[in-house]
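In: Fold the following for me, if possible:
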Amino acid sequence: MRKTPGKTPAARERYWTKIIVEARKYPNGITEYCRVMNVEKNNYYFWFKRLRPKHPEWHDLSNHPETLTPQKKTEKNGKGEGALPETVGGGQIAHKDGGKNYSRRKRKGCR
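Out: Residues are numbered from 1 along each chain as shown. Take a look at the predicted model:
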């Protein structure tokens, strides 16, 4: 594990601010940036979460259009790919077969 450069908290914040800005501009995405630059993805998101309140420009998703694309509707069911199952009163999931094939797996010692 590599330690973040900088002896003071302010120096570490400057380092990670630079890394986050570069990663957000990277054309192949944050995951690819972290892989290429040998930055742990967990550390990236830890510092991103920590520094985000100080950087309001990081709250938009405009530079990540793949997260904003709406799901396409299919001709088959008209609800779109990956549509969630419909719920009935009380928030229970309504299945076509009445839930008969959706049994829960019993565990030893659990009731």
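
In: C-alpha from now on. contacts and neighbour counts both.
Out: Noted.

In: So Thr4: helix, strand or coil?
Out: Following DSSP: H, G, I helix; E, B strand; the rest coil, Thr4 is assigned to coil.

In: Pull the contacting residues for it.
Out: Contacts were defined as Cα atoms under 8 Å, 6 or more residues apart in numbering; by that measure Thr4 touches 12, 15.

In: Skipping its backbone neighbours, what lies nearest Arg24 in space?
Out: Leaving aside its chain neighbours, Arg24 sits nearest to Ile30 (6.3 Å; criterion: Cα to Cα, 6 or more residues apart in numbering).

In: Quick check: phi and psi at the one you found.
Out: Phi and psi for Ile30, reported as degrees, to the nearest 10, are phi -70, psi -40.

In: That one reaches Ile19, doesn't it?
Out: No - counting by Cα atoms under 8 Å, Ile30 does not reach Ile19; the two are 10.2 Å apart.

In: in this protein, which helix or strand is least confident?
Out: None of the helices or strands of the chain scores lower by mean pLDDT, DSSP states H and E than strand 87-88, at a mean of 52.

In: number of nearby residues for the residue nearest to Arg24?
Out: Neighbour count for Ile30, taken as other Cα atoms under 10 Å: 18.

In: Pull up the gap between it and Ile20, please.
Out: Relative to Ile20, Ile30 is positioned 9 Å away (Cα to Cα, to the nearest Å).

In: cool, and Trp47?
Out: Noted for Trp47: a distance of 8 Å to Ile20, by Cα to Cα.

In: Which of the two has more residues huddled nearby?
Out: Between Trp47 and Ile20, counted using other Cα under 10 Å, the more crowded position is Ile20 (22 against 16).

In: what's near enough to touch the more buried one?
Out: Ile20 neighbours (Cα under 8 Å, 6+ apart): 44, 48.

In: right, and the helix or strand after the host helix or strand of it?
Out: Assigned by DSSP states H and E, Ile20 belongs to helix 9-25. Going down the chain from helix 9-25, the next helix or strand is helix 30-36, by DSSP H and E.

In: Tyr26 touches Tyr33, doesn't it?
Out: Yes - the pair Tyr26 / Tyr33 is scored as a contact, 6.5 Å apart, by Cα under 8 Å.
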